[in-house]
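Visitor: can you look at this prediction? I've put the sequence above it.
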Amino acid sequence: MRLGGRIQAAAEILEDVIERRTPVTMALRDWGKSNRFAGSKDRSAIGNIVLDALRRKSSIGFRMNDDSPRALALGATVFSGGISVDDIIEQTKNDAHFGAPLTDDQIAKLRGQIDLETAPDSIRADVPDWLWPAFETNFDEEAVLEGAALTERAPLDLRANGIKATRDKLNQKSAKPTEISPIGLRFSPVEGFGRHPNINSDPDFLTGKMEIQDEGSQIVSLLVAAKPGETVLDYCAGGGGKSLALASDMNNEGAIHAFDIDKRRLAPTYERAMRAGASIIKVVPPPAKSLNHLRGRVDRVLVDAPCTGVGTWRRKPDAKWRLTEDALGRRMAEQVKVLDEAKDFVKPGGYLFYVTCSMLAAENEAQVYAFLERTSDFALLSAGEVWEERFGVDVPKPWSSDGCTLTLTPASTHTDGFFFAVMEKSA
Ligand SMILES: C[S@@+](CC[C@H](N)C(=O)[O-])C[C@H]1O[C@@H](n2cnc3c(N)ncnc32)[C@H](O)[C@@H]1O
């Protein structure tokens, strides 16, 4: 396919996502199925345009003075994809697949006629209006910077599985060591129409020497600081990403109970643990009563709570515009529930960890403080000491609104957004 066809295809897919509210992964897949002539390079180029357009939907709409799918696709191609306006004009001449040629007005806008600096802050940050006050409260003068960092393309991070390898033994020549996690490797975000390597067919992955895991997720797993021989409960284990990281950190000694209310989400954990040689992971499908024997007996309970996923907007940009106040309220109610359920498993003197991939105080600090109000036998500890112990002092620093909890963000720690709090149960 030529450039014009790719832009036009991206516009059609954006229409599906924005106007019919189809999730972007589904819209891209459906388009691929009904356009089998498109090669893998075409599909990744189109995917890049679509995802870039969604990451910057409001700022591109402002700069184009038009938020139609076609304007968004054009803006993303130029402002994020780095293709020049002249290249578009040149390459789309007489290309029927592109549709109507660019108008003078579109050319002017693509050349930067409208200065984004003149836009309201929420548009410069590409954050939905209703969420902007929450962003400003959290990040103050850095709010635009934090929002804008969530519009960048994300890197691809790997975690060396300590049970089978160290990161310098992995055969990933074009990946660089991660800045903070001592066990991670990073492929920089793709440029232009590029794509990341296919890790799922890589021998290091197939033999369990490494996993795909964002550095932020690696960091919060390391902050749990689980020791070999301990008993750990991963209460919201999902696909087992953090359980696997914990098993590696514990040198595969001790016990990790990986539980999730949703057995379909939990399902991949069996195979992943096998591949990683993480024999200490015991997958516990619902109902939760199978965990009864662990009440009051677990050294460390991790609650990687269901949340809005604001910290992952770089990777799932359609979620940003799909999120509603109602959905936020539902996630907050679930957070209260999981904390109240999980706390009963912590042994006296043990630890409860609360993690989200959100950057909203309502899902983070506010949940922790409300939990401490209604539960008298837990005390909030400072996560800063463990941070220094594990990562030293010469690495980028996360946010902390209270000196105890930590918030990782793309702008501060160059990771996905994550919140981390640790509470100790009185002995
Ligand atoms: C953020 S995801 C976990 C991701 C996972 N820890 C990982 O690293 O891949 C949150 C999980 O919480 C689970 N969940 C929601 N309510 C729950 C409950 N009451 N008890 C246990 N798990 C619950 C969801 O099914 C979901 O898989």
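Guide: Perfect, thanks for sending it.

Visitor: which stretches of the stretch 201-350 of the chain form strands?
Guide: Per DSSP state E, counting those that start in this stretch, the stretch 201-350 of the chain carries strands over the ranges 210-212, 231-234, 255-259, 281-284, 298-304, 346-356.

Visitor: residue numbers of the stretch 201-350 of the chain in contact with the ligand?
Guide: Proximity of the stretch 201-350 of the chain to the ligand (C-beta under 6 Å from any ligand atom) is limited to residues 235-239, 241-242, 260-262, 265, 304, 306, 334, 337-338, 341. From N, CA and C alone the C-beta is placed, and that goes for glycine too.

Visitor: filter those down to the buried ones.
Guide: Buried residues within those, counting neighbours by 16 or more other C-beta atoms under 10 Å: 235-239, 241-242, 260-261, 304, 306, 334, 338, 341.

Visitor: got those residues as CSV, with pLDDT columns?
Guide: CSV is the format used below for these (pLDDT from 0 to 100):
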residue, pLDDT
235, 98
236, 98
237, 98
238, 98
239, 97
241, 98
242, 98
260, 98
261, 98
304, 98
306, 98
334, 98
338, 98
341, 98
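
Visitor: quick one on the thing from earlier: and among the strands of the stretch 201-350 of the chain, the most buried is which?
Guide: Across the strands of the stretch 201-350 of the chain, averaging neighbours per residue (mean count of other C-beta atoms under 10 Å) puts strand 231-234 on top, at a mean of 27.

Visitor: average pLDDT for that strand?
Guide: Strand 231-234 shows an average pLDDT of 98 in the prediction.

Visitor: so how far is that strand off the chain centroid?
Guide: Strand 231-234 sits 23 Å away from the centroid of its parent chain (C-alpha atoms, centre = their mean, to the nearest Å).

Visitor: now do stretch 193-213
Guide: Here stretch 193-213 is found 17 Å from its chain centre; the criterion is C-alpha atoms, centre = their mean.

Visitor: beta partners for the closest residue to residue 282 other than its chain neighbours?
Guide: Excluding the flanking residues, the one nearest residue 282 by C-beta to C-beta, 6 or more residues apart in numbering is residue 257, at 5.4 Å. Residue 257 has the following beta-bridge partners by DSSP bridges: residue 233, residue 282.

Visitor: how far away is residue 257 from the ligand?
Guide: Per C-beta to the nearest ligand atom, to the nearest Å, residue 257 is found 12 Å from the ligand.

Visitor: so what's that residue up against?
Guide: Residues counted as contacts of residue 257 (C-beta atoms under 8 Å, 6 or more residues apart in numbering) are 231-234, 282, 284, 291, 294, 298.

Visitor: residue 197 now?
Guide: With contacts defined as C-beta under 8 Å, 6+ apart, residue 197 is in contact with 156, 174, 187.

Visitor: tell me which element residue 389 is part of?
Guide: Taking DSSP states H and E as the definition, residue 389 sits inside helix 384-391.

Visitor: so which elements touch the helix or strand just after that helix?
Guide: Next along the chain after helix 384-391, taking DSSP H and E as the criterion, comes strand 406-408. The elements that strand 406-408 packs onto, with contact taken as 3 or more C-beta pairs under 8 Å, 6 or more residues apart in numbering; DSSP states H and E, are helix 215-223, strand 418-425.

Visitor: any idea which of these is most buried?
Guide: helix 215-223 (a mean of 26).

Visitor: so what does it touch, helix or strand wise?
Guide: Using 3+ C-beta pairs under 8 Å, 6+ apart, the elements in contact with helix 215-223 are strand 156-160, strand 184-187, helix 241-249, strand 346-356, helix 384-391, strand 406-408, helix 410-413, strand 418-425.

Visitor: possible to save the ones you listed as a markdown table with distance to residue 104?
Guide: Shown next, in a markdown table, are these (distance: least, C-beta to C-beta, whole Å):
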| stretch | distance to residue 104 |
| --- | --- |
| strand 156-160 | 40 |
| strand 184-187 | 40 |
| helix 241-249 | 50 |
| strand 346-356 | 47 |
| helix 384-391 | 53 |
| strand 406-408 | 45 |
| helix 410-413 | 37 |
| strand 418-425 | 46 |
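
Visitor: please give me every residue in contact with the nearest residue to residue 367 once chain neighbours are set aside.
Guide: In space, and not counting its chain neighbours, residue 367 is closest to residue 335: 5.0 Å by C-beta to C-beta, 6+ apart. By C-beta under 8 Å, 6+ apart, the residues touching residue 335 are 305-307, 356, 363, 367.
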